[in-house]
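Trainee: 3D, please:
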Amino acid sequence: MTAFRDALHAEWTKLRTVAGTAWLLLAAVVLTAGLSAVSAAAVSCDGPQCGEDPAKVGLLGVTVGQALVAVLAVLAVGEEYGTGMIRVTFAAMPRRELVLGAKAVVVAGLTAAAGVLAVLGSVVCALVLLPGNGFTAANGYGPHLITAATARAAFGSVLYLVLVALLAMGVTALVRDSAIAVGAVLGLLYLFPIVAAVISDPDWHRHAQQMSPMQAGLTVQATVDVAGQPLSPWQGVGVLALWAFGALGVGGVVMRLRDV
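Mentor: Residues are numbered from 1 along each chain as shown. Purely as a prediction, here's the structure:
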């Protein structure tokens, strides 16, 4: 435990003293809440059963915020490989799995803190703007927009951002190059749904949606027609968790087996 505490302290010190860390976290909060506010202001429900999901509308900014937390997570690992400082880190802490674990805990903690602020800002904007755009009891949305389902969507969105960050860390540990890791992670998040969209066979289309880290993970935001989603909300989070911890596990093994 002492060795892990030392590794945590070292990784926290390294990450918090990098100027880009604060800016990336701030940008994630601002862009997530900002895009969510724009979405809540732009989308309207014109009558009963209009089919719009208030949680997805009000939390749309998460689809942009995830890119910034992914970049932060990539830099937490990739920068040391890029500068060669990873040799110093491994010389000071030979147990490489502890190094990766400490990095994961620090990045997850920072992402969770930023995610709470970003989602809270999104929720406040949605609660202010959506009722004026037709998301009212008269159109089937109940007397209040805050329900168990919307609370799950908000909490799940924070968890989603944390898992995306861990996925990015695992990919970076595997490829050891920041640029390649950013491309790979953003491809998994944004290109996978595009590939799924062009699959004509309905069964394979649904399977692709179920395997997509982004589409599966974001089912946690669904509060309307939940049964019609490719996965249940927590099943979707489970799929993203498999991607994240699978990438971390493989990245950790490869990190341990390499010379550097």
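
Trainee: unless I'm mixing things up, L110 is touching L15, no?
Mentor: Yes. Under the criterion of Cβ atoms under 8 Å, L110 is in contact with L15, at a separation of 7.1 Å. In this view, the C-beta of every residue, glycine as well, is placed from N, C-alpha and C.

Trainee: who touches both of these two?
Mentor: Common neighbours of L110 and L15, using Cβ atoms under 8 Å, 6 or more residues apart in numbering, are T21.

Trainee: more crowded one of these two?
Mentor: Neighbour count, other Cβ atoms under 10 Å: between L110 and L15, L110 has more, with 24 against 19.

Trainee: the more buried one - nearest residue in space that isn't next to it in sequence?
Mentor: L25 (6.3 Å; Cβ to Cβ, 6 or more residues apart in numbering).

Trainee: next up, phi/psi of M93, please.
Mentor: Per-residue torsions, M93: phi -130, psi 90 (degrees, to the nearest 10).

Trainee: counting neighbours, what do you get for it?
Mentor: Counted with other Cβ under 10 Å, M93 comes out at 18.

Trainee: got a list of what S36 touches?
Mentor: Applying Cβ under 8 Å, 6+ apart, the residues contacting S36 are G58, L59, L60, G61, V62, G121, S122, C125, A126.

Trainee: and the helix or strand hosting it, what's its mean pLDDT?
Mentor: Taking DSSP states H and E as the definition, S36 sits inside helix 19-42. Mean pLDDT, helix 19-42: 95.

Trainee: the helix or strand hosting L110: how far from the chain's middle?
Mentor: Counting by DSSP H and E, the element that carries L110 is helix 96-129. How far helix 96-129 lies from its chain's middle: 8 Å, per Cα atoms, centre = their mean, to the nearest Å.

Trainee: buried ones in it?
Mentor: Buried positions in helix 96-129, judged by neighbour count with 16 or more other Cβ atoms under 10 Å: 96, 98-108, 110-112, 114-119, 121-123, 125-127, 129.
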